[in-house]
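**Q** I need the structure of the sequence given here:
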Amino acid sequence: MGMSYSWVFKQSRVTVKGAEHLSELGAGQQFESQAEAEAWLSEIWPDLQDAGIDEVTLVEDNDVVYGPMGLSEE
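**A** Numbering: from 1, shown residues only. Below you'll find the model as predicted:
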């Protein structure tokens with residue numbers, strides 16, 4: 001049975017546009033490996049930031065792998 005990885009997002013400001021934007025970006029999708037999940041995040045995080053996401057947490061099935069991790073550029 002394969003493991004599935006996904007990102008849990010924390011938003012401080014939720015907007016309808018932000019929510020629509022997130023689904024377009026593929027938020028909520030599942031990844032077969034941690035490396036795939038991290039590769040997706042590394043490409044998309046500026047867009048997530050624009051959509052109002054402050055923090056992300058990586059989960060494997062229901063277990064937290066790591067996080068929450070801030071999305072600031074510092």
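
**Q** roughly how far does Leu58 sit from Tyr5?
**A** Noted for Leu58: a distance of 6 Å to Tyr5, by C-beta to C-beta, to the nearest Å. All C-beta spots, glycine's among them, are computed from the backbone N, C-alpha and C.

**Q** okay, and the common contacts of these two?
**A** 34, 37, 65 (C-beta atoms under 8 Å, 6 or more residues apart in numbering).

**Q** just the buried residues from these, in ChimeraX please.
**A** Burial among the shared contacts of Leu58 and Tyr5 is assessed by 16 or more other C-beta atoms under 10 Å; the matching ChimeraX selection reads:
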select :37
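
**Q** for the shared contacts of Leu58 and Tyr5, which one is nearest Val14?
**A** Val14 lies nearest to Ala37 out of the shared contacts of Leu58 and Tyr5, by C-beta to C-beta, at 22.7 Å.

**Q** what helix or strand is that closest one on?
**A** helix 34-50 (DSSP states H and E).

**Q** same thing with Gly18?
**A** helix 16-25.

**Q** that helix: which residues count as buried?
**A** 21-22, 25.

**Q** distance from the chain centre to that helix, please.
**A** What separates the centre of helix 16-25 from the centre of its chain is 12 Å, taken as C-alpha atoms, centre = their mean, to the nearest Å.

**Q** now do the contacts for the nearest residue to Thr57 once chain neighbours are set aside.
**A** For Thr57, ignoring the flanking residues on the chain, the nearest one in space by C-beta to C-beta, 6 or more residues apart in numbering is Gly67 at 3.1 Å. Each residue near Gly67 by C-beta under 8 Å, 6+ apart is listed here: 8, 55-58.

**Q** hmm, 6 Å instead?
**A** Contacts for Gly67 (C-beta atoms under 6 Å, 6 or more residues apart in numbering) come out as 56-58.
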